[in-house]
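> fold the following for me, if possible:
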Amino acid sequence: MKDSSHRESEDHPNPEFILTIEDLNKSFDGFKVINDLNFYMDKGELRTIIGPNGAGKSTLLDLITGRIRPDKGTIEFGPDDKHDLTKLKEFEINRLGIGRKFQTPSIYAEHTVYDNLLLSLEGSRGVFASLFYKETEEHRERIHEVLKTVRLEERKGEFAGALSHGQKQWLEIGMLLAQNPELLLVDEPAAGMTDEETERTGELLLSLEGKHSIIVIEHDMEFIRQIARKVTVLHQGSVLKEGKVDEVQADPKVVEVYLGRKHSQEHLEAEEKKAAEAETLAASDS
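Next up is the predicted model:
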């Protein structure tokens, strides 16, 4: 059975799903982290996913990128040539055009900002091979385009390790953009940022809307309000609610999940802790 996310998407004229997830299930040590999840995303869409700790958000990204395998269900990528991601390895999924940014920036700290982008270009050759590689004018233009997008043009000659936390996050997003992905998966990009950095991060993600399909997982509701077009709420591994920010925040079920009005707070915290521990175990095993 298809959930509300599919019914809402059916209202769009000729929708092009870049991502189709149906009947997805994943358990760890008998605990169901993803539970009969259905999720549909249009090409070029910016989607925000929220939910309490242990709702299955990070596990969902792990399943999309092939870090872990589902117990059941399908994950189909591409509006034209369809690919079942559950049958592919992690590097094969990346080559299809799916890039992921984790919570902690992963950059080459002892290389310049420019070289970080050079090493990340589509068809990257790796650090060793790049020592014998002469960049082309096309690559230089691409790098400068990305530098402009992430607002690091003036820092291009500096070592990446000298950047602020927010700038490192932007650089890693730029490193993904250098690979020209169709789908960007961004996990808590505003975590640890100043208010100014958070606002600029929102502006950056909004500037990418339409050019790429983007999934953003986030907890900061002010940041979500800045960027959200459509919000998906996950709870206990399933889609609880989808819609605009105001609709989602006003929904009694969402209020119940976040505030525990109909269940004791101790029970909710125990369930979320159990789910979070299962996700942590999955991450350590992958």
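> surely Thr74 is in a strand?
Yes: under DSSP: H, G, I helix; E, B strand; the rest coil, Thr74 falls within a strand.
> tell me the contacts of the residue nearest to it when sequence neighbours are not counted?
Leaving aside its sequence neighbours, Thr74 sits nearest to Glu22 (C-beta to C-beta, 6 or more residues apart in numbering; 5.3 Å). In short, each C-beta sits where N, CA and C put it, glycine included. When contacts are counted by C-beta atoms under 8 Å, 6 or more residues apart in numbering, Glu22 touches 2, 38, 73-74, 76.
> same deal with Phe102?
Phe102 neighbours (C-beta under 8 Å, 6+ apart): Asp187.
> what's the burial count for the closest residue to Lys72 other than its chain neighbours?
Distances taken as C-beta to C-beta, 6+ apart put Asn25 closest to Lys72, at 4.3 Å, once the chain neighbours are dropped. Neighbour count of Asn25, defined by other C-beta atoms under 10 Å: 16.
> surely Asn25 meets Gly73?
Yes: in this structure Asn25 lies within contact range of Gly73 using C-beta atoms under 8 Å: 5.6 Å.
> return every residue with contacts to both of these two.
36-37.
> how about the strands in the chain?
17-28, 31-42, 46-50, 72-77, 83-84, 98-101, 183-187, 213-217, 230-235, 238-243 (DSSP state E).
> for those, which one sits closest to Thr65?
In terms of C-beta to C-beta, the element of these nearest to Thr65 is strand 98-101, at 5.3 Å.
> tell me which other helices or strands that closest one touches.
Applying 3 or more C-beta pairs under 8 Å, 6 or more residues apart in numbering; DSSP states H and E, one finds that strand 98-101 contacts helix 57-65, helix 165-177, strand 183-187.
> any idea how far the last one is from the middle of the chain?
This means strand 183-187. 3 Å (C-alpha atoms, centre = their mean, to the nearest Å).
> pull up the pairing partners for that strand, direction included.
strand 98-101 (parallel), strand 213-217 (parallel) (DSSP bridges).
> using PDB, write out every CA atom in the shortest one.
Meaning strand 98-101. Taking C-alpha atoms only, strand 98-101 is exported to PDB below (Å, rounded to 0.1, in the frame of the first residue of the first chain):
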ATOM      1  CA  ILE A  98      24.400   9.900  -5.400                       C
ATOM      2  CA  GLY A  99      26.600  11.900  -3.000                       C
ATOM      3  CA  ARG A 100      26.400  11.900   0.700                       C
ATOM      4  CA  LYS A 101      27.600  14.500   3.200                       C
END
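> list the contacts of that strand.
Here strand 98-101 has contacts from 61, 64-65, 77, 85, 169, 172-173, 176, 179, 181-187, 189, using C-beta under 8 Å, 6+ apart.
> redo that, cut-off 6 Å
65, 172-173, 176, 179, 181, 183-186 (C-beta atoms under 6 Å, 6 or more residues apart in numbering).
> identify the spatial nearest neighbour of the residue nearest the centre of the chain, chain neighbours not counted.
Centroid check for the chain by C-alpha atoms, centre = their mean gives Leu185 as the closest residue, at 2.2 Å. For Leu185, ignoring the flanking residues on the chain, the nearest one in space by C-beta to C-beta, 6+ apart is Arg100 at 4.3 Å.
> from Leu61, how far off is the one you found?
6 Å (C-beta to C-beta, to the nearest Å).
> which residues are common contacts for those two?
By C-beta under 6 Å, 6+ apart, the residues touching both Arg100 and Leu61 are Leu185.
> nearest to Arg47, of the strands paired with strand 183-187?
strand 213-217 (5.2 Å).
> for the closest one, what is the distance to the chain centroid?
Distance, centroid of strand 213-217 to centroid of chain: 4 Å (C-alpha atoms, centre = their mean).
> now do the residue nearest to Lys72, the pLDDT please.
pLDDT for Asn25: 97.
> who touches it in this structure?
Residues near Asn25 by C-beta under 6 Å, 6+ apart: 34, 71-73.
> if we can go back for a sec, bridged to the residue nearest to the centre of the chain, which residues?
Going by DSSP bridges, Leu185 forms beta bridges with Arg100, Ile215.
> quick check: it touching Ile215?
Yes: the pair Leu185 / Ile215 is scored as a contact, 5.1 Å apart, by C-beta atoms under 6 Å.
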